[in-house]
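A.B. asks: I'll drop the sequence and a predicted model, then ask my questions.
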Number of protein chains: 2
Amino acid sequence: MSEKGQVNWQRIVEAASQLFYRKGYNQTSFTDIASAAGLPRGNFYYYFKTKDDILEAVIQRRLEDLRGVLVAWEAEHPQPRERIRRFARIAADGQQDVLRYGCPIGTLSVELSKTQAPLQAKAGALFDLFADWLEIQLAAMGRDDARQLALHLLARVQGLSLVANAFSDSVLLRRETADLERWVDSL
Amino acid sequence: MSEKGQVNWQRIVEAASQLFYRKGYNQTSFTDIASAAGLPRGNFYYYFKTKDDILEAVIQRRLEDLRGVLVAWEAEHPQPRERIRRFARIAADGQQDVLRYGCPIGTLSVELSKTQAPLQAKAGALFDLFADWLEIQLAAMGRDDARQLALHLLARVQGLSLVANAFSDSVLLRRETADLERWVDSL
DNA sequence: GTCTATATGTAGATAGAC
DNA sequence: GTCTATCTACATATAGAC
């Protein structure tokens, strides 16, 4: 694959990732992606045979990005509890986008669960990444119910993101985030 | 509107409501609704001019159904706390459907928020119905933070539904529900 | 490797016969 | 009121010229 080819490949994945988040997977057309990526429509069938293939690439890319985020958090916060608190703030941190489009992971999962179960399973890797990481941090705190607590935290963040988005309520987003941080402190 | 007409109208709304839940609004075609309702495709343009009109009718119908549910809960449980506990169990109560398709209200809101904000606003009435009812029950318990608590509860239920669906995890669904009931008891 | 032209299907919606 | 035939737009996907 040539230099130019790699660049185009990246542009497609980048454009698709943003559109899948903002418009949803099914509501995003090849035309949308092509014009956002600045490429003629027919061209990227050279890189991806189907739309599903693009989604897979988007998921892989998001996984890599998130792994980078987790590594950064670990470097920033030596204590497990602080790392977990950092996660608890994730929705409030991306406030504008969450209010407008919801959680990138949660909304993708919701959409795919309806009629594209195989793709949802692949998107589930994004949830797994956070769940596994949280479980490790909680285990480091000496919790033997680390997995349950990790999933509880995940669910809380998903819930507040969804409801904040539904009501376009930034106050709720911050209040529920503060509540969640207190919960982390109480562990 | 004739007898026959009313029957057809009901059949369309009924079929559409189920399909919008199971397949999503955008993924449901007129053809899908027509065959589910047992009517020729072109026919129900007599009843509804656009697909959006059908969604509005579906929302209205769900609102009526839910109002009936709330009235039944009130009759069944005289105490506000018991009524709130009843709400906390709602996802676990509809376990099979929640695991497969998620929460009917939450997933609809997520889908519409992306590219159909006006419709999402109308679907928000479903959330409002629960939020207002919960607020009344919490106020009856003497809580002056009734609105916040109502939205907190709503968010918790949404979160556990979404994550239980994502992982197809019925154990998580029940465990988080039990946790939520304990939270209600602690109020 | 890149792009145009086009194939093929299906979406929502309409016109008009009955 | 009911149903068939059909319109237009746009979706994913392909073939093949450059």
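C.D. replies: In hand now; what should we look at? Everything quoted here is computed from the prediction, not taken from an experiment.

A.B. asks: residues in contact with the residue in chain A that DNA strand C sits nearest to?
C.D. replies: Distances between chain A and DNA strand C by Cβ to the nearest atom of the strand are smallest at A:Gly42, namely 2.4 Å. C-beta coordinates here come from the backbone N, C-alpha and C atoms, glycine included. Contact criterion Cβ atoms under 8 Å, 6 or more residues apart in numbering or on different chains gives no residues in contact with A:Gly42.

A.B. asks: For it, give me the pLDDT.
C.D. replies: A:Gly42 carries a pLDDT value of 84.

A.B. asks: how about it, secondary structure?
C.D. replies: For A:Gly42, the assignment made with DSSP: H, G, I helix; E, B strand; the rest coil gives helix.

A.B. asks: A:Val163 touches A:Leu172, doesn't it?
C.D. replies: Yes: using Cβ atoms under 8 Å, A:Val163 makes contact with A:Leu172 at a distance of 6.6 Å.

A.B. asks: A:Pro40 - nearest residue in space that isn't next to it in sequence?
C.D. replies: Distance criterion Cβ to Cβ, 6 or more residues apart in numbering or on different chains; nearest residue to A:Pro40, sequence neighbours excluded, is A:Ala34 at 6.5 Å.

A.B. asks: Next up, the contacts around that neighbour.
C.D. replies: Going by Cβ under 8 Å, 6+ apart, A:Ala34 touches A:Pro40, A:Arg41, A:Asn43, A:Phe44.

A.B. asks: Okay, and it sits in which element?
C.D. replies: Using DSSP states H and E, A:Ala34 sits in helix A:30-37.

A.B. asks: same check, this time on A:Ile54
C.D. replies: Here A:Ile54, judged by DSSP H and E, is contained in helix A:51-76.

A.B. asks: Help me see whether that helix makes contact with DNA strand D, please.
C.D. replies: Yes: with Cβ under 7 Å from any atom of the strand as the measure, helix A:51-76 is seen reaching DNA strand D through A:Lys51.

A.B. asks: And for stretch A:102-117?
C.D. replies: No: using Cβ under 7 Å from any atom of the strand, stretch A:102-117 never reaches DNA strand D; the gap is at least 12.5 Å.

A.B. asks: so for that stretch, what's the average pLDDT?
C.D. replies: Per-residue pLDDT over stretch A:102-117 has a mean of 97.

A.B. asks: where does A:Asp144 land in three-state SS?
C.D. replies: coil.

A.B. asks: In terms of secondary structure, what does the helix or strand hosting A:Val13 contact?
C.D. replies: Secondary structure from DSSP H and E places A:Val13 in helix A:3-23. Using 3 or more Cβ pairs under 8 Å, 6 or more residues apart in numbering or on different chains; DSSP states H and E, the elements in contact with helix A:3-23 are helix A:30-37, helix A:51-76, helix A:95-101, helix A:104-115, helix B:104-115.

A.B. asks: Just the C-alphas of the shortest one, formatted as PDB.
C.D. replies: Read it as helix A:95-101. The C-alpha trace of helix A:95-101 is given here as PDB (Å, rounded to 0.1, in the frame of the first residue of the first chain):
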ATOM      1  CA  GLN A  95     -20.100  17.700  27.600                       C
ATOM      2  CA  GLN A  96     -20.900  19.400  24.300                       C
ATOM      3  CA  ASP A  97     -20.800  16.200  22.200                       C
ATOM      4  CA  VAL A  98     -22.600  14.100  24.800                       C
ATOM      5  CA  LEU A  99     -25.500  16.500  25.100                       C
ATOM      6  CA  ARG A 100     -25.800  16.600  21.300                       C
ATOM      7  CA  TYR A 101     -25.000  13.100  20.200                       C
END
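
A.B. asks: Name the helix or strand of chain A that has the lowest mean pLDDT.
C.D. replies: Within chain A, no helix or strand scores below helix A:3-23, which has a mean of 89 by mean pLDDT, DSSP states H and E.

A.B. asks: Buried residues, that helix. List them.
C.D. replies: Using 16 or more other Cβ atoms under 10 Å in any protein chain shown as the burial criterion, the residues of helix A:3-23 that qualify are A:8-9, A:11-13, A:15-22.

A.B. asks: What residue in chain A comes nearest to chain B?
C.D. replies: Minimum separation of chain A from chain B (Cβ to the nearest Cβ) falls at A:Gly159, amounting to 2.4 Å.

A.B. asks: Does that residue touch B:Gln158 like I think?
C.D. replies: Yes: A:Gly159 is within contact range of B:Gln158, at 4.5 Å (criterion: Cβ under 8 Å).

A.B. asks: pretty sure A:Ile44 contacts A:Ala37?
C.D. replies: Just so we're on the same page, residue A:44 is Phe rather than Ile. Yes: contact status for A:Phe44 versus A:Ala37: in contact at 7.4 Å, counting by Cβ under 8 Å.

A.B. asks: Overlap in contacts, those two.
C.D. replies: By Cβ under 8 Å, 6+ apart, the residues touching both A:Phe44 and A:Ala37 are A:Asn8, A:Ile12.
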